[in-house]
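**Q** Attaching a predicted model along with its sequence, questions to come.
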Amino acid sequence: MYQSLISTDRLEIHHIPADGLISLLDEKSDLLAIAGRTFSNPLKVLVEDEGPLPWRVPQVKADPSTNKWFIRFIVLKELNQVIGSVSFHGVPDENGMMEIGIGVEEAFRGKGYAREALRGMWNWVCNEPGVKVLRYTVSPENAPSIAIIENFGFTYIGVQIDEEDGPENIYEMSVEDFKEKWGSDE
């Protein structure tokens, strides 16, 4: 079942509505993205650095139903502010694969927030129909992210060349293995 809010011990992961995504990219404004919410975005996450917006917004414009899979703000409960974002890359592919991307603001790195947000997102998506495989890709130079994904027990599959990011290590885990190892609820 689709959840617009995913809650973990320290984080709330808030889905961004389509009009908010479009406004973030086209107007460089978070007013629609955070409208009616109680948290703030003082670090201007997705405003000053558009992150995955150039890829996700065209997908949402073409098919608004895809937005359920896309960009969410990572909100630190303690401060009630956005500290990053997380998003799947698309709808489940023909093999039921879901790839995810995450960004945490520098001041909040190294505190386990990325790991917690990933687990929350994966717990949610593991219960979505048609999802069979979780995928994470990362630069071979990004040791902190590699440590996170290896800690989860994902299997190294190989390397791909991304047009934007260059070489990326590919890691995967089946939904069944993830549920067995990590459960499906936080």
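**A** Yep, it's here. Not measured: the values here are computed from a predicted model. Numbers count the residues shown, from 1 in each chain.
**Q** Where does the residue nearest the centre of the chain fall, secondary structure wise?
**A** The residue lying closest to the centre of the chain (Cα atoms, centre = their mean) is Val86, at 2.3 Å. Counting by DSSP states H and E, the element that carries Val86 is strand 81-88.
**Q** Give the other helices and strands that that strand contacts.
**A** strand 72-76, strand 97-104, helix 113-125 (3 or more Cβ pairs under 8 Å, 6 or more residues apart in numbering; DSSP states H and E). Every residue, glycine included, has its C-beta placed from N, CA and C.
**Q** In contact with Phe73: list those residues for me.
**A** Applying Cβ atoms under 8 Å, 6 or more residues apart in numbering to Phe73 gives the contacts 13-14, 16, 33-34, 39, 41, 45-46, 82, 84-85.
**Q** Distance check, the closest residue to Val133 other than its chain neighbours against Gly90.
**A** Leaving out its chain neighbours, the residue that sits closest to Val133 by Cβ to Cβ, 6 or more residues apart in numbering is Met97, at 4.2 Å. Per Cβ to Cβ, to the nearest Å, Met97 is found 9 Å from Gly90.
**Q** And Leu31, by the same measure?
**A** Noted for Leu31: a distance of 27 Å to Gly90, by Cβ to Cβ.
**Q** Asn80 is in contact with Thr38, isn't it?
**A** Yes - shown here, Asn80 and Thr38 form a contact pair, counting by Cβ atoms under 8 Å, at 6.5 Å.
**Q** If you count surrounding residues, which of those two has more?
**A** A count of neighbours by other Cβ atoms under 10 Å puts Asn80 above the other of Asn80 and Thr38, at 12 against 8.
**Q** what about Leu134, which helix or strand?
**A** Judged by DSSP H and E, Leu134 forms part of strand 133-138.
**Q** swap in Val57?
**A** For Val57, the element it lies in under DSSP H and E is helix 53-62.
**Q** Against Ala114, how distant is the spatially closest residue to the residue nearest to the centre of the chain that is not a sequence neighbour?
**A** In space, and not counting its chain neighbours, Val86 is closest to Ile102: 4.5 Å by Cβ to Cβ, 6+ apart. As judged by Cβ to Cβ, Ile102 and Ala114 stand 5 Å apart.
**Q** so how far is Leu25 from Ile34?
**A** 15 Å.
**Q** residues touching the residue nearest to the centre of the chain, list them.
**A** Residues counted as contacts of Val86 (Cβ under 8 Å, 6+ apart) are 13, 71-72, 74, 100-103, 117-118, 121.
**Q** Which two among those are spaced furthest apart?
**A** The span of the contacts of Val86, defined through Cβ to Cβ, is set by Ile71 and Leu118 at 14.5 Å.
**Q** about what we covered before: give me the angle between the helix holding Val57 and strand 81-88.
**A** Angle of helix 53-62 versus strand 81-88, following axes from the mean of the first three to the mean of the last three Cα atoms, to 10 degrees, is 60 degrees.
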